[in-house]
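A.B. asks: coordinates only, sequence not included:
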């Protein structure tokens, strides 16, 4: 599995696993945990979750998946904005640690901007890092101006990543956020790389690309997100078949003709766009 480096040099898998909607009862917890564990065995050792997902039950699924192999897994979790305060951050982190069944979170993110000042949240993140509760921290759903605000506060230079919505339908981050982060050796984490509600899976351009390579449209979408050297992609898969398909997408190299076809259907941004968010 190809890896990327966080700003401090830590290597992480370029293709990870998402858990949004896990723990909601759509599938047995044991099946979801087994899917995540298979993903780890296939090299997708980064698992992304959040206290918001299924009110913490997704973190409990992750706990079952990594039992006995914790040292092999890079766990990412996120704190609600209303918890990312001077009094709330440490308590929220402790709850996540308990649900995850671990002594540390590898990367702890502010889920989106809330009312708490960045200086306050960053100060609490740095305290958690000093205490060994988290090893890195970052943000999610922040645009360039907000990222500049984070880096401007004391300790802000410790920000390791920005997790954002990124797929062929939602590629506004290419105009400014991706270059901004790349200039600072800060990888961007792409959530929902295959889109929402299956729209991208029905897209003729992606379908044609997939057919040329003998793969699924979801694999073509994941490969598209991975084409960028500073992007970590975190698709979700709840069953073994989709997990294996996602892992195989890491080996798929799209051609210039493939990329041109996707660009024709979903043009790259020519101006600043509002940051997409789900």
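C.D. replies: Now that the structure is in, tell me what you want to look at. Bear in mind that the values here come from a model prediction, so they are computed numbers and not experimental data. Numbers count the residues shown, from 1 in each chain.

A.B. asks: Find the centremost residue of the chain, please.
C.D. replies: residue 189 (4.3 Å; C-alpha atoms, centre = their mean).

A.B. asks: Name the nearest residue to residue 227, sequence neighbours excluded.
C.D. replies: Spatially, and ignoring its direct neighbours in sequence, residue 227 is nearest to residue 254 (6.0 Å; C-beta to C-beta, 6 or more residues apart in numbering). The way it works is simple: take the backbone N, C-alpha and C, and place the C-beta from them, glycine included.

A.B. asks: coming back round to it: pretty sure the residue nearest to the centre of the chain sits against residue 230.
C.D. replies: No - counting by C-beta atoms under 8 Å, residue 189 does not reach residue 230; the two are 10.2 Å apart.

A.B. asks: Tell me who's in contact with residue 95.
C.D. replies: Taking C-beta atoms under 8 Å, 6 or more residues apart in numbering, we find residue 95 in contact with 51, 56.

A.B. asks: ok, then the element right after the helix or strand hosting it?
C.D. replies: For residue 95, the host element (DSSP states H and E) is helix 89-100. Downstream of helix 89-100, the next assigned helix or strand under DSSP H and E is strand 105-110.

A.B. asks: quick one: contacts of that next one?
C.D. replies: 6, 50, 73-79, 81, 84, 93, 96-97, 121, 125, 128, 133-140, 142, 160-161, 163.

A.B. asks: Which of the residues you listed fall in helices?
C.D. replies: Cross-referencing the contacts of strand 105-110 against helices under DSSP state H gives 93, 96, 97, 121, 125, 128.

A.B. asks: residue contacts, the last one?
C.D. replies: It refers to residue 128. Contact analysis of residue 128 by C-beta under 8 Å, 6+ apart lists 89, 90, 93, 108, 134, 137.

A.B. asks: Let me have those in CSV, adding neighbour count and distance to residue 259 as columns.
C.D. replies: Formatted as CSV, the contacts of residue 128 follow (neighbours: other C-beta atoms under 10 Å; distance: C-beta to C-beta, whole Å):
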residue, neighbour count, distance to residue 259
89, 25, 41
90, 17, 45
93, 25, 40
108, 28, 34
134, 23, 37
137, 24, 33
